[in-house]
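1. Everything below, folded, please.
(chains A, B, C and D)
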There are 4 protein chains.
Amino acid sequence: MILTLSCPDQPGIVARVSTFLFERGCNILDAQQFDDQETGVFFMRVVFEGGAAEDLREAFAPLAKGFSMRWAIRDPKVRRKVMILASQQDHCLADLIYRWRRGELPMDLVAIVSNHPRETYAHLDLDGVPFHHLPVTRATKLEQEAQIWALIQETGAELVVLARYMQVLSDGLAAKLEERCINIHHSFLPGFKGARPYHQAHARGVKVIGATAHYVTADLDEGPIIEQDVERISHRDTPKDLIRKGRDIERRVLARAVRWWLDDRVLLNRTKTVVFTD
Amino acid sequence: MILTLSCPDQPGIVARVSTFLFERGCNILDAQQFDDQETGVFFMRVVFEGGAAEDLREAFAPLAKGFSMRWAIRDPKVRRKVMILASQQDHCLADLIYRWRRGELPMDLVAIVSNHPRETYAHLDLDGVPFHHLPVTRATKLEQEAQIWALIQETGAELVVLARYMQVLSDGLAAKLEERCINIHHSFLPGFKGARPYHQAHARGVKVIGATAHYVTADLDEGPIIEQDVERISHRDTPKDLIRKGRDIERRVLARAVRWWLDDRVLLNRTKTVVFTD
Amino acid sequence: MILTLSCPDQPGIVARVSTFLFERGCNILDAQQFDDQETGVFFMRVVFEGGAAEDLREAFAPLAKGFSMRWAIRDPKVRRKVMILASQQDHCLADLIYRWRRGELPMDLVAIVSNHPRETYAHLDLDGVPFHHLPVTRATKLEQEAQIWALIQETGAELVVLARYMQVLSDGLAAKLEERCINIHHSFLPGFKGARPYHQAHARGVKVIGATAHYVTADLDEGPIIEQDVERISHRDTPKDLIRKGRDIERRVLARAVRWWLDDRVLLNRTKTVVFTD
Amino acid sequence: MILTLSCPDQPGIVARVSTFLFERGCNILDAQQFDDQETGVFFMRVVFEGGAAEDLREAFAPLAKGFSMRWAIRDPKVRRKVMILASQQDHCLADLIYRWRRGELPMDLVAIVSNHPRETYAHLDLDGVPFHHLPVTRATKLEQEAQIWALIQETGAELVVLARYMQVLSDGLAAKLEERCINIHHSFLPGFKGARPYHQAHARGVKVIGATAHYVTADLDEGPIIEQDVERISHRDTPKDLIRKGRDIERRVLARAVRWWLDDRVLLNRTKTVVFTD
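-> Modelled structure (predicted):
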């Protein structure tokens, strides 16, 4: 079982939570706590064995209420439902599917949505995951997003991954997906926001490029950062080389962020994240 | 205050410990737990505010005994006493002194020992730290180690740092300094054990070199690893270049290991370490 | 066009070579030279535009002979023929195929050989590349290698990539494939040679793991290293985690080595390599 | 000897240059060329043995003129004169001095200038390098810069290193020091320009921080980037931690940039640099 929580800091939180677990015969395997002294918020993630999720949730609710906690108790054996939105560039999509099949990402892929037709991914074995072609233009954006939202509700998707989806979500959809929509931005934010970041990086002559996985919010490229990574480049690298090298960074940064999310390691801390990494 | 402990795993450890702290009015700021399922040993580090070290220790002792804990409660405001052993190469020594003066390493430097005379470090301002020239030859090794040991006892040094000391400690001295003697080895162990590792690395044609900070044990180059880091090299690098690049790696790896030790982040796990990094 | 060469160092090599190119109307776009002062061997790689490969080769031969050069002039538009040998673990195979399809690896995949049947890679679209199931046992190793060799000759494969093939090539086959067979070893050589390196790494308690791409030679795990990379790990990582993290390192290290080889960037320097990286 | 040049690309440059060297009995040890196909500028760096700098310069001038080259021939045994400007934070200053004394930076330190008095660096052994206290206020900036400039002329300083100098040079002084003034900016540019970048990074919640060495130009924080490096951080890091971790990055990034400059590896390419790294 995994328990995650955040609440205003006060003495006794760990004592109460761990005593709660002990009294129900649970054994803590791994735990991390963090007290953000700037915001006064306390964060905790506990992995334990023993107990049934439903019972624990019911029993924990009053305690949680007393501390004004945002919290969740989850059985990691119950896989989260995930929807991937993709566009023409398929490297992140292909990578996520590979890792999912391989068992690296414990999730149920409930839908793959693209604004491009299935043929775009002719060489990709989707392994039975339903594919939805939802084309979009400026004029039809509203309708298309409504279709996406309907699909999210229908499939019960808990996480939406923008795997180089390249479409900006409307404020409305972003708000509905708070804390459960992860985007991969192909730059080391906050450097090179906006379009064509690798061309921007080439023009500026940087010596290191990066990618950023972040929660999607109404503020474009300003969502809470979950993970970032970088790679060295040189003057020999053309924008095309940067795009190629960037694909590798994007793939691993997005995969890590998704994996950590599935593992309940990512906790929201206002405009930032607390990530209890493995 | 910082509480660290390790003990055979069993349910209730966190509950008992955190309740103990709560009942004494302590507030947990940061905590990490880890249960090594291979060895069945549980590790914990808790940073908290409130309480007096001496009182807490006395009160905690019975609880600790019940769980067969190895444990410590330490007031981080009480600085640890540290002795540095150095040899001709002074980059690690100079770096540690700089970081200490700068406030990066919260320790009391009680002695600097070298088998080379003070003049070797003519350009180094030791800032009043006592310097001891203890030359050593094969024939006088025993006597010199006895002098080192006397100095450790006299100064109350809790940690001994081998800052490129280049002398192998005898099994006897190594045993006395278990868990409180850190060495920096100038290779990415277990590759290139023994002498002249950069020359070995050059001869083998590796593309990355590294350094390793580890606890000193009777088994040369086999002590529990605390920290490692690496840097890329190329065919253009001569052994001299590797030595130069290696100095940078050695300095930062050793400094991190010492800092983590001073911060009670390094816990021994048989032949390995648990490091609750920041 | 790409010209690569190595020869005993002497004055005038660059002058003769570049004058040769200039006189034939060729323009140098990128070039790197390196003089190994230890071995006295000079290495050069020149990318230039202009000229026809066949004509240039004929004209260059006498000059090359005068300097006792090992050399090649290649038209990068003529794709190299590559055979991949794989085993049960398909992450390197899948990655190479993805990169090939995506245009990151300019090669003609002429054969995929495995000691496991095609069904092992059921989810992998081989895109028409001939697949050969060549099972192997101790008793049939000789015969199987003969089949592999026959296939290499038949397909004209210039490069053989061992994509986690897990079978040791016989000395005989290794010798035939000198400088054109690349293996990925799942450790940071020379650390953890031999079997189950991630388990070895876990047991030793290292803080960084790595992978190594190297030329295959008769000396197991001792071939000239082409590329290495690493990733940080912690005490929380089980051998299973290391294997998972390692897959990522293996994929990118092998892909880089293959890409550099295809790009004529890897030159043999006795037991080492000169890699003129991009 | 080291020859560096850049000029509009045209066929025959390498042939002419290498033939020139060959005819004068010089032997090329290491060389790199790069043709920027975007700007049409060709860059070259050649290390060779043989010849006398003065003679070679005289003989090379007509050839250089014919190709409209920016060029230099330098004897690496003649050390470059370097002035360091520092402010209260002394980690980069201390690091440069250490490396210089150690032989890592082949330069003559002709002056250390600070807007703080000598006592600020009481623990630093300047080893006889003249120290100049040139305080500065808004009102006296012009006069202080005039003093700096006079000192540069007087000492013959060829390179000015801003080692966390924290004062913005006027456009006029920046222009005079084109291509010979290196600054270390304590962020991974272009992210977090301006003041207090580590506080900005903390507020934004990035997962990686960095530092940037660049040529100083009139455009603040926009000068050609020479080198960048990064380090991972986590939610546990306070701004104070970032500042501490940043010091390590700043030191090594600045040291690399200075070393490469001294080694004639940094060539200006409009608003970017070509760095022929070792």
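
2. show me what contacts residue A:271?
-> When contacts are counted by Cβ atoms under 8 Å, 6 or more residues apart in numbering or on different chains, residue A:271 touches A:222, A:224, D:204, D:205. C-betas here are computed from N, CA, C, even on glycine.

3. got the phi/psi numbers for it?
-> Torsion angles at residue A:271 (phi, psi; degrees, to the nearest 10) stand at phi -90, psi 10.

4. okay if I get the contacts of residue A:271 as CSV plus neighbour count?
-> Output for the contacts of residue A:271, formatted as CSV (neighbours: other Cβ atoms under 10 Å in any protein chain shown):
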residue, neighbour count
A:222, 14
A:224, 20
D:204, 16
D:205, 20
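
5. just the residues you listed now: which is nearest chain B?
-> residue D:205 (16.5 Å; Cβ to the nearest Cβ).

6. So for stretch A:33-41, mean pLDDT?
-> For stretch A:33-41, the mean per-residue pLDDT is 93.

7. Show me which of the contacts of residue A:271 is closest to residue D:264.
-> Distances from residue D:264 to the contacts of residue A:271, taken as Cβ to Cβ, are shortest for residue D:204 (37.6 Å).

8. ok, the closest one touching residue A:191?
-> No - here residue D:204 lies out of contact with residue A:191, judged by Cβ atoms under 8 Å, at a distance of 11.0 Å.

9. related to what we said a few turns ago, which pair of the contacts of residue A:271 spans the longest distance?
-> Maximum distance among these (Cβ to Cβ): 10.4 Å, for A:222 and D:205.

10. and residue A:205, what does it touch?
-> By Cβ under 8 Å, 6+ apart, the contact set of residue A:205 is A:235, D:224, D:225, D:269, D:271, D:272, D:273.

11. correct me, but residue A:68 touches residue A:5?
-> No - contact criterion Cβ under 8 Å: residue A:68 and residue A:5 do not qualify, at 10.3 Å.

12. Please identify which of these two sits among more neighbours.
-> residue A:5 (22 against 11; other Cβ atoms under 10 Å in any protein chain shown).

13. for the more buried one, what are its contacts?
-> A:17, A:43, A:44, A:64, A:67, A:69, A:70, A:71, A:72.

14. Specify which member of the residues you listed is nearest to residue D:165.
-> The closest of the contacts of residue A:5 to residue D:165 turns out to be residue A:43 (Cβ to Cβ; 39.3 Å).

15. what about the closest residue in space to residue A:177 that isn't next to it in sequence, which SS state?
-> Leaving aside its sequence neighbours, residue A:177 sits nearest to residue A:160 (Cβ to Cβ, 6 or more residues apart in numbering or on different chains; 5.7 Å). In three-state terms, and counting by DSSP: H, G, I helix; E, B strand; the rest coil, residue A:160 is strand.

16. Wait, residue A:160 touches residue A:181, no?
-> Yes - counting by Cβ under 8 Å, residue A:181 is a contact partner of residue A:160 at 4.5 Å.

17. if I pick residue A:165, what's in contact with it?
-> Counted by Cβ under 8 Å, 6+ apart, residue A:165 has contacts A:85, A:86, A:87, A:183.

18. Repeat the analysis, applying 7 Å as the threshold.
-> Going by Cβ atoms under 7 Å, 6 or more residues apart in numbering or on different chains, residue A:165 touches A:85, A:86, A:87.

19. Most neighbours out of these, which is it?
-> Of all these, the highest neighbour tally under other Cβ under 10 Å goes to residue A:86, namely 27 neighbours.

20. Can you turn the buried part of the contacts of residue A:5 into a PyMOL selection?
-> Buried subset of those, written as a PyMOL selection, criterion 16 or more other Cβ atoms under 10 Å in any protein chain shown:
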select buried, chain A and resi 17+43+44+64+67+69+71
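
21. Looking at the contacts of residue A:5, which one is closest to chain D?
-> residue A:43 (8.2 Å).

22. buried ones in whichever strand or helix holds that closest one?
-> Assessed by DSSP states H and E, residue A:43 sits inside strand A:41-49. Under the neighbour-count criterion of 16+ other Cβ under 10 Å, strand A:41-49 has A:41, A:42, A:43, A:44, A:45, A:46, A:47, A:48 buried.

23. what's the answer for stretch A:200-208, then?
-> A:200, A:201, A:202, A:204, A:205, A:206, A:207, A:208.

24. Would you mind putting the CA coordinates of it into PDB?
-> Output of stretch A:200-208 as PDB, limited to C-alpha atoms (Å, rounded to 0.1, in the frame of the first residue of the first chain):
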ATOM      1  CA  GLN A 200      16.200  28.800 -30.200                       C
ATOM      2  CA  ALA A 201      18.900  26.900 -28.400                       C
ATOM      3  CA  HIS A 202      20.900  26.600 -31.500                       C
ATOM      4  CA  ALA A 203      20.600  30.300 -32.200                       C
ATOM      5  CA  ARG A 204      21.600  31.200 -28.700                       C
ATOM      6  CA  GLY A 205      24.600  28.900 -28.800                       C
ATOM      7  CA  VAL A 206      24.100  27.000 -25.500                       C
ATOM      8  CA  LYS A 207      26.400  24.100 -24.700                       C
ATOM      9  CA  VAL A 208      23.700  22.000 -23.000                       C
END
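
25. Please consider this matter closed, and thank you.
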